[in-house]
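**Student:** Quick one, fold the following:
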Amino acid sequence: MADVTYPLDYNNILSFDLEITRDGKFRHLGAVLADEMLNLKNNQDEAISQLDDLAKRAEVVLGHNILDFDLPWLSAQRIRPEFLFD
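**Tutor:** Below is the predicted model:
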C-alpha cells in the first residue's frame with residue numbers, strides 16, 4: 001500500500017464558531033486547533049483574545065458561515081483578533 005502524503009498538517013487547522021444574540025451580543029465561542037479547545041461563554045473580550053492566540057498558530061481557518069457572519073461581526077468589535085485578519 002502506498003503512503004499517502006497530505007499537503008497540509010491537520011493540526012494547523014483552526015475551526016471556530018460564534019453564537020451571537022439577535023441584537024448582536026456575544027453568547028458563546030467554540031474553537032478547536034489540534035488538541036486545544038475553547039468553549040467560552042459571556043466574556044466577549046476574553047473569548048476574542050483566546051481565539052486570536054489560537055489563530056497565531058493556524059495555517060488555515062474554517063468555520064460555518066465565517067465569511068458572511070463571524071468575521072464581519074469580529075471586525076466590528078472594540079477588541080479585534082488581529083491574526084484572523086492578517
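
**Student:** Please make it C-alpha for all contacts and neighbour counts, starting now.
**Tutor:** Fine.

**Student:** Show me the residue at the heart of the protein, geometrically.
**Tutor:** What sits nearest the mean C-alpha location of the chain, by Cα atoms, centre = their mean, is Phe16, with 3.8 Å.

**Student:** what's the strand or helix carrying it packed up against?
**Tutor:** Using DSSP states H and E, the element containing Phe16 is strand 13-20. Judged by 3 or more Cα pairs under 8 Å, 6 or more residues apart in numbering; DSSP states H and E, strand 13-20 is in contact with strand 26-33, strand 60-62.

**Student:** One more pass at 10 Å, please.
**Tutor:** Strand 13-20 is packed against strand 26-33, strand 36-41, helix 44-55, strand 60-62, helix 71-75, with contacts defined by 3 or more Cα pairs under 10 Å, 6 or more residues apart in numbering; DSSP states H and E.

**Student:** Which positions within the fourth one qualify as buried?
**Tutor:** If you call a residue buried by 16 or more other Cα atoms under 10 Å, then strand 60-62 has these buried ones: Val60.

**Student:** before we move on, what about stretch 56-70?
**Tutor:** In terms of neighbour count (16+ other Cα under 10 Å), stretch 56-70 has its buried residues at 58, 60, 66, 70.

**Student:** nearest to Thr5, of the residues you listed?
**Tutor:** The nearest member of the buried residues of stretch 56-70 to Thr5, counting by Cα to Cα, is Val60 at 17.7 Å.

**Student:** That closest one bridge partners, please.
**Tutor:** Applying DSSP bridges to Val60 gives these bridge partners: Ile13.

**Student:** what sits against it?
**Tutor:** By Cα atoms under 10 Å, 6 or more residues apart in numbering, the contact list for Val60 reads 8-15, 33, 84.

**Student:** Can you tell me which of those is nearest Gly24?
**Tutor:** Leu84 (19.8 Å).

**Student:** what about the closest residue in space to Val32 that isn't next to it in sequence, neighbour count?
**Tutor:** Distances taken as Cα to Cα, 6 or more residues apart in numbering place Ser15 nearest to Val32, at 5.3 Å, with adjacent residues excluded. Residues near Ser15, counting by other Cα atoms under 10 Å, number 20.
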